[in-house]
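Student: sequence-free structure coming up:
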């Protein structure tokens, strides 16, 4: 580097070589580990180890905060999140315009009928899309003592379907501890925290009835 003493330039060059060597060593270790897993049947603890590693990789950018928050907990808090999960309607395949059946999907990733067709596995469409339901909540426990959860299902070519579930404050308390696994079906996306939802473009006949009707919540 111009302007630096020769000894300092040599030290910088050595540091770069060391860094490159370290990166290469890490790549070789990762490759060896992958090859070892592929070459031998997984042991009992292998899935748990894989999940732990995946969690650490995913959480690293968020440290020192808590690693992962369920989207429902982020939007509504843990008690109401449990209620939203507990009252979620099971995915329904409805007749589509072309005669086939369609599952509810995430409109951000699927806008044609072929990617919403039922697949061989529960929770997935034929094109490997995760069955998705959107939600919005009216927490009226301080007024009339109830919580209203609206579930919005989108199917390409059919548009939006609305389902409302209500619960008393007592029922909400009973369901607050409902587990919130990442693999739960359907995947539920809170509209309150969905960025850009009111500006998404839809074709004629698929305009979302919730546009500008759901108050935003800042996580």
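Tutor: Good, I have the coordinates. Computed from a prediction, not measured in an experiment: that's the story for all the values here. Residues are numbered from 1 along each chain as shown.
Student: C-alpha from now on. contacts and neighbour counts both.
Tutor: Noted.
Student: tell me the SS of residue 192?
Tutor: When classified by DSSP: H, G, I helix; E, B strand; the rest coil, residue 192 comes out as helix.
Student: would you say residue 86 is within a strand?
Tutor: No. Assigned with three-state DSSP, residue 86 falls outside any strand and is helix.
Student: Count the residues that sit near it.
Tutor: The tally of other residues near residue 86 (other C-alpha atoms under 10 Å) stands at 16.
Student: and the gap between it and residue 206?
Tutor: Using C-alpha to C-alpha, to the nearest Å, residue 86 is found at 28 Å from residue 206.
Student: any idea which helix or strand of the chain has the worst average confidence?
Tutor: helix 46-59 (a mean of 51; mean pLDDT, DSSP states H and E).
Student: what's the helix or strand following it packed up against?
Tutor: As assigned by DSSP states H and E, the chain's next helix or strand after helix 46-59 is helix 71-76. The elements that helix 71-76 packs onto, with contact taken as 3 or more C-alpha pairs under 8 Å, 6 or more residues apart in numbering; DSSP states H and E, are helix 78-87, strand 187-190.
Student: Relative to residue 69, which of the ones you listed is closest?
Tutor: With C-alpha to C-alpha as the criterion, residue 69 lies closest to helix 78-87 of the helices and strands packed on helix 71-76, at 9.8 Å.
Student: residues making contact with the closest one?
Tutor: Helix 78-87 is contacted from outside by 72-73, 75, 149, 165, 172-173, 175-180, 188, using C-alpha atoms under 8 Å, 6 or more residues apart in numbering.
Student: from those, which would you call buried?
Tutor: Buried members of those, counted by 16 or more other C-alpha atoms under 10 Å: 72, 73, 75, 149, 172, 175, 176, 177, 178, 180, 188.
Student: Provide the secondary structure category for residue 136.
Tutor: strand.
Student: Just list the residues touching it, thanks.
Tutor: Applying C-alpha under 8 Å, 6+ apart, we find residue 136 in contact with 149, 150, 151, 190, 191, 192, 214.
Student: Also residue 119?
Tutor: Each residue near residue 119 by C-alpha under 8 Å, 6+ apart is listed here: 125, 126, 127, 128.
Student: No further queries at this time; thank you.
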